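let's see this in three dimensions:
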Amino acid sequence: MAAYQLVRPVLLSAETVAARSGLHPDLVRRYATLGLVESTTDRTGRLWFPPATVPVLARVQRLRSGLALNYAAIGLVLDLLDRIRVLEAQVRSQQRWT
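Residues are numbered from 1 along each chain as shown. Next comes the predicted model:
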């Protein structure tokens, strides 16, 4: 059975993400290059971001300014925070069944 995409996913340009997050577009591109935010590249090499990038950028900025973490540490902290969120959701789910 063939599966067809009914709608195109919403993707934002680096300029739009920058405007929504209050950052310079070059900084948004740098974070994408470092792998701190998810992005895709089209055939022309232009970066596109999911809408969820804006809150991730806010989190990156808080870690960078509040804790003075380097980029490698920020990536590690983001991964750990995501893992904690998943584990907490699993615990909440298991508590509902007991």
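
output the below-cut-off pLDDT ranges for this structure.
5, 98 (pLDDT under 70).

so where do the strands sit in it?
12-13, 40-41, 47-49 (DSSP state E).

from the contact counts, what lies against the last one?
Translated: strand 47-49. In terms of contacts (3 or more Cβ pairs under 8 Å, 6 or more residues apart in numbering; DSSP states H and E), strand 47-49 is packed against strand 12-13, helix 14-21, helix 25-33, strand 40-41. C-beta: built from backbone N, CA, C; applies to glycine.

can you list the strands that it pairs with?
strand 12-13 (antiparallel), strand 40-41 (antiparallel) (DSSP bridges).

out of the helices and strands packed on strand 47-49, flag the one nearest residue 68.
For those, proximity to residue 68 was assessed by Cβ to Cβ; helix 25-33 is nearest, at 16.5 Å.

quick check: buried residues in that closest one?
By neighbour count, with 16 or more other Cβ atoms under 10 Å as the criterion, the buried positions of helix 25-33 are 28-29, 31-32.

cool, and stretch 58-78?
60-61, 63-64, 69, 74-75, 78.
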